Every structure is written in C-alpha cells, then in structure tokens.
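Build me a model:
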Amino acid sequence: MVKTHLVCLFAGIFLIGSFFSPVPAHAGVGVTPTALSFGSVTMSTTSGAMTVVVTNNSRQSTSIQQVSSSLPEFIVISAAMPISIGPRSSASFQVVFKPDAALTFNGSIVINPGHKGGGTISISASGTGTPATPTQTQSYLLSSSASSLSFGSMLVGNSASKAFTLTNTGTGSVNISQVAAAGAGFKVTGFSAGVALAAGQSLPLTASFAPATTGAVAGSISVVSTATNSPATISLSGTGIQPQISVIPSSISFGNVTVSVTNTQTLTLRNPGTATLNVTQASLGGTGFTTSGLALPLSVAPGGSASFTVGFAPASATNYSSSITLVNNTPNSPLVVPLTGTGISSILQLSASPTSLTFGSLTTGTSATQSVTISNTGNSSVSISQVSASGAGFSTSGIALPLSLAASQSASFSVMFAPASAGNLPGSVTIVSNATNSPLTVALSGTGAVPVSHSVALNWTPSSSTYSGFNVYRGTTSGGPYTKVDSSVIPITSYSDAGVTSGKTYYYVATEVDSTGMESGYSSEATAIIP
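Alright, predicted model coming up:
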C-alpha cells in the first residue's frame, strides 16, 4: 500500500528500488547515493531531478519524519511527511538544484528517520551556477538603400531611371509579396511575386519616371513583406517640364515695297514654357524673302526670347507669299510663320514747298532770307546733285550736295535776296536730281529800291542871352530816355538830325549850356514822324 501511494503522488518519478547496493548509514536504514553532484546548471533554471532511495533493512517498519536542505538552492521534492517504510522495503524522494548566482554551492540533504535511538542521516549536495547564455531572438527587417528618390526636372515624353536595393538586415528570412509604385509617371521594375530574402541577401530594383504632363509630381514605392517594418515606403519626386514656342508677330505682311528696295521686320521667338527651347532648323520657302541674325541651333531659356530679321526685296511688281518653318523641340513642332508682300514699280519724284518766293521791295545794300523744303514724294530714293539760284541778287545756302532722300524724306535750304540795283529783279532756284520731274524749279521775285535820306530840322529859342551853346537829345519813346545826338556844343539855335530811319517816330529835347559849362534842364519835348 505504501509503494502504491508513492507512485500516485510522484507521477513520472523513477523509483530505483534496490538497484543501488544500500550503504548502511544508520542501524537498519541505508541511503543511496550518499552524495549528490549536480554539476553546472544555468542560473535561474532547474536541474534535472536526482533520486535518493532510503532502504529499511530491518524486520520492523520504520518511517522518515523529515527531509530538509541546508541551502535553498537544493530543493527536496517528496511526499507528505512522515513516510512509512515496511520491513525490507524502500522509499524515495527527489532533489533538484536551482542556482541563483554564478557560484559553486556545497550543501547537504538531512534525513531524520523515525525509529528509536536513531540520529539524522546527511547526504552531501554540490552544484555550480553558470551565467545564462542570452537567447538569440530572430529579427525580420527589410531595409532600402534609398529612403527617397528625386528625379529632378524631366522633359515630358522622356524618362529616367534610378537603381536601389532592398536588403534583409534581420536574422530571419523575409518574404516580399508586393513592390508597387504610385504617382503619375512613376514605375518600378525588377520584382517578381514571391521573392524570399535570406538574412543579408539583397534584391536590386529600378525606379523610373516618365512625366506625361508638366508640373511637380510626388509618388512612392510601397514594399509589402513579412518583415516587422512592413510596409516599407520609398518616396518619389520629379517635375515634368516642357518648352513652348510663340512668335511675335504670328505673321508678317510687308505691304507695298518698291522693286529692288529691301524692307525688313523683326520676328521675336518667345519661350513661355518650363524647359529650354531648342530651334534646330529654319527653312524659308518662296522668293523675295530673306532672314538674318538667326544662328542655329538656337537655345532659348524658359521665359526668354530671341529675335532675328526678316527681309523682303521684290524683284518685280507682283504679289509675293512665303513662310518660315521653324523645327524645334516642342510638341507642336514645326512652327510656320506666313510671309506676304507686294512689289510695286519704282517712282522717283521730288516736290518743293513753296513753289515760288516773293521778297517784295528791298533797299539796295540790304538782304532778306526765306526757306525752301524739298521732299521725296515717290517710293524710291532720289539723289540730288545740284541746287543753284539764278537772277541778280539771289543765292542759296544750307544744303550739302550730293544729297540722297529716301521715300518720304525731306530737306530744307535757304534762299537770300540782296539787290544791288533798283528795279524788278526776277530769278529762280533749279534743283537737279535723278527724279523723273528733274529739274525742279522754284520761281523767285524781288524789287531793288534806292535808299531815301531823311533829316529832322530843329529850332529853339534860348532862355537867356548869355548862353555858350546847346545840346540836342533824341529818344524813341515819349518822355525818354534820351540820347545826346551832337558831338560838341551847338553854338546856334538850330540843328539838323540826319541819323533817322524811315517809318519811325522820334522825340527831341534840348539843353542850354552857359559859359561855365553848366547845362540846363531839358526843354519841352518835340516830336518828328519819319515817312
């Protein structure tokens, strides 16, 4: 009954029975083994159990009252005390070692039998605690060689690629189930479904950007895997740029241009786009038109402009039409600029204004000047080779010859009349040029007159009989100021003033000078009107 009771309480505990030869430790009681050595056991872990067998060698029943350990690291596992042992029978209990420090422990297991006159039985126990070896935990991490990829500015329609790598930086295998790109124009290649990366293994991938429209674009690459940091994200950025082209004016009309004369206009190219405009070819169709100042290939920065000259030189009097075709890197290339113009026959024509000059009557020895303007009223340049005056007293000045006047251009010169004799004096100005109405004549007329002498006779009455002489004063304004006209004192009471001019009015006063040279005040004023 006792053995059956022990088996029920210690399921899984191996009962050795009489496998060991008992060593008497007390009269009638034997213990096997007499020492327990647990060797090295990791700290805070429990060793395997060692079984101690107590044998009753006597013919009477005995009991185990208590089993104790001298150190807490040695733990006794037994049935409830006391344990009864029949004659020639055995009982067992177990001991385990659980070190709490990295030390060697030496203790004892003490058995207290329950028979009369018995003492305790001691079994030595030893064991060494060793530090625990850290348990390596598996990690599952997926890292990218780039956390972001920037493609910068890219022409719409073009593409660029950037390589990056996914690496398993953990200790356990990682399975990648999805690598997908989001964002307009972004794509990722190099992945096929179900890629497994062992620790340290890498997967090379390629991201590309092909913008379809202008403007900044943001995107991302998402990597779904069994890694603890799934999903991994790589940010993407890029900007689509596109050149544009416009011309001012959008078409050129030269209107009427004289045959063999060149007319020019400026054509300005503008780039309102976001990328550099490249013009690689310019072709001109038809005849009569030319370009200059356009060096190819031509690059125009965004927001910039460039200009060149278009010329039209008709060879005949007819209508002309053509176009300039500009091949460039914009989506609407080539750009075509229409050109039109009309050739007209050459007209060489001069006119003069006024067509005649009248100088009126001039006193001989005097002169007068008037202006004449000559204008090119044709449509072609006119060359003036001679401007000359004929007729007594007439001359020209103020024009340098030869002179070329473009259509609508004009020039002026002076005509002077200085008669040397009396009478009517006709003349003319002759203008010689290559105009069809050459020579052009301007009629001139004037009269020479003999100069007329005038004088003013002055008389006065002295205020005293003791005078020495008189001074005469003249002015052109009543009341003065006056200017003395005699050079020395006048001894008589009269004076003739010949220094007057026709058509003017003069005002006179006189003063009286005594023998001491003292001069009196002004006399009353006299007026003289010269016809």
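
Every contact and neighbour count from this point should use C-alpha atoms.
OK.

got the contact list for stretch 441-456?
352, 354-364, 417, 419-431, 496-502, 528, 530 (CA atoms under 8 Å, 6 or more residues apart in numbering).

now stretch 397-409
Residues contacting stretch 397-409 (CA under 8 Å, 6+ apart): 375-386, 411-415.

Mean confidence (pLDDT) on it, please.
Averaged across stretch 397-409, pLDDT comes to 95.

which SS class is the residue nearest to the spatial centre of the chain?
The centre of the chain sits closest to residue 302, judged by CA atoms, centre = their mean, with a distance of 8.9 Å. Here residue 302 is recorded as coil under DSSP: H, G, I helix; E, B strand; the rest coil.

Surely it touches residue 276?
Yes - if you go by CA atoms under 8 Å, residue 302 and residue 276 touch, sitting 5.6 Å apart.

Mutual contacts of the two, please.
residue 243.

Can you show me the strands along the stretch 1-150 of the chain?
Assigned by DSSP state E, counting those that start in this stretch, the stretch 1-150 of the chain shows strands spanning 23-26, 29-32, 35-42, 50-56, 62-69, 74-77, 83-85, 89-97, 104-113, 121-130, 142-144, 148-155.

next one: the second one to chain centre, how far?
The chain centre lies 100 Å from the centre of strand 29-32; the measure is CA atoms, centre = their mean, to the nearest Å.

who does that strand pair up with?
strand 23-26 (antiparallel), strand 50-56 (antiparallel) (DSSP bridges).

Comparing these by mean pLDDT, which bottoms out?
Checking each of the strands paired with strand 29-32, the one with the poorest mean pLDDT is strand 23-26, at a mean of 42.

Now the weakest link among the strands of the stretch 1-150 of the chain, please, by mean pLDDT.
Among the strands of the stretch 1-150 of the chain, strand 23-26 scores lowest, with a mean of 42.

sorry, back to before: including distance to residue 402, could the strands of the stretch 1-150 of the chain go into JSON lines?
Compiled in JSON lines, the strands of the stretch 1-150 of the chain are given as follows (distance: least, CA to CA, whole Å):
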{"stretch": "strand 23-26", "distance to residue 402": "155"}
{"stretch": "strand 29-32", "distance to residue 402": "150"}
{"stretch": "strand 35-42", "distance to residue 402": "124"}
{"stretch": "strand 50-56", "distance to residue 402": "139"}
{"stretch": "strand 62-69", "distance to residue 402": "142"}
{"stretch": "strand 74-77", "distance to residue 402": "137"}
{"stretch": "strand 83-85", "distance to residue 402": "153"}
{"stretch": "strand 89-97", "distance to residue 402": "133"}
{"stretch": "strand 104-113", "distance to residue 402": "131"}
{"stretch": "strand 121-130", "distance to residue 402": "124"}
{"stretch": "strand 142-144", "distance to residue 402": "86"}
{"stretch": "strand 148-155", "distance to residue 402": "60"}
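
what's the closest of those strands to residue 392?
If you check each of the strands of the stretch 1-150 of the chain against residue 392 by CA to CA, strand 148-155 wins as the nearest, at 83.1 Å.

Tell me the first helix or strand C-terminal of the closest one.
strand 160-168 (DSSP states H and E).

Quick check: mean pLDDT of that following strand?
According to the model, strand 160-168 has a mean pLDDT of 97.

and residue 359, what element?
Assigned by DSSP H and E, residue 359 falls in strand 356-363.

quick one: strands adjacent to that strand?
Paired strands of strand 356-363, with direction, are strand 440-449 (parallel) (DSSP bridges).

Can you list the low-confidence ranges for the stretch 401-531 of the chain?
Within the stretch 401-531 of the chain, no stretch has pLDDT under 70.

if you set the cut-off to 90 instead, what comes out?
For the stretch 401-531 of the chain, the stretches flagged by pLDDT under 90 are 450-454, 463-466, 487, 498-499, 501-503, 515-517, 531.

can you give me the strands for it?
Ranges of strands in the stretch 401-531 of the chain, per DSSP E, counting those that start in this stretch, are 403-405, 410-417, 423-424, 427-433, 440-449, 456-459, 469-475, 483-484, 494-497, 505-513, 526-529.

For residue 57, which residues are in contact?
Neighbours of residue 57 in contact, by CA under 8 Å, 6+ apart: 28-30, 87-89.

Farthest-apart pair in these, please.
Pairwise distances among these were taken by CA to CA; the largest, 12.4 Å, belongs to 30 and 87.

which residues do the two both contact?
In contact with both residue 30 and residue 87: 56-57, using CA under 8 Å, 6+ apart.

Format the strands of the stretch 401-531 of the chain as a markdown table; extra columns: distance to residue 298 and mean neighbour count.
What follows is those, written out as a markdown table (distance: least, CA to CA, whole Å; neighbours: other CA atoms under 10 Å):
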| stretch | distance to residue 298 | mean neighbour count |
| --- | --- | --- |
| strand 403-405 | 38 | 16 |
| strand 410-417 | 41 | 17 |
| strand 423-424 | 73 | 14 |
| strand 427-433 | 46 | 20 |
| strand 440-449 | 52 | 20 |
| strand 456-459 | 89 | 13 |
| strand 469-475 | 81 | 21 |
| strand 483-484 | 82 | 14 |
| strand 494-497 | 87 | 14 |
| strand 505-513 | 81 | 21 |
| strand 526-529 | 84 | 14 |
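
any chance of these in CSV, with distance to residue 34 too?
CSV is the format used below for the strands of the stretch 401-531 of the chain (distance: least, CA to CA, whole Å):
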stretch, distance to residue 34
strand 403-405, 143
strand 410-417, 145
strand 423-424, 175
strand 427-433, 152
strand 440-449, 158
strand 456-459, 181
strand 469-475, 169
strand 483-484, 169
strand 494-497, 179
strand 505-513, 172
strand 526-529, 176
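
quick one: which of those is nearest residue 132?
strand 403-405 (113.7 Å).

distance between that closest one and the chain's centre?
So, by CA atoms, centre = their mean, the centroid of strand 403-405 is 51 Å from its chain's centroid.

cool, and stretch 509-527?
That offset, for stretch 509-527, works out to 93 Å (CA atoms, centre = their mean).

before we move on, what about stretch 91-102?
82 Å.

Can you list the buried residues in that stretch?
Residues of stretch 91-102 classed as buried under the neighbour-count rule (16 or more other CA atoms under 10 Å) are 91-100, 102.

Redo the residues you listed as a markdown table? Include distance to residue 146.
Output for the buried residues of stretch 91-102, formatted as a markdown table (distance: CA to CA, whole Å):
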| residue | distance to residue 146 |
| --- | --- |
| 91 | 71 |
| 92 | 68 |
| 93 | 65 |
| 94 | 61 |
| 95 | 59 |
| 96 | 56 |
| 97 | 54 |
| 98 | 51 |
| 99 | 50 |
| 100 | 48 |
| 102 | 47 |
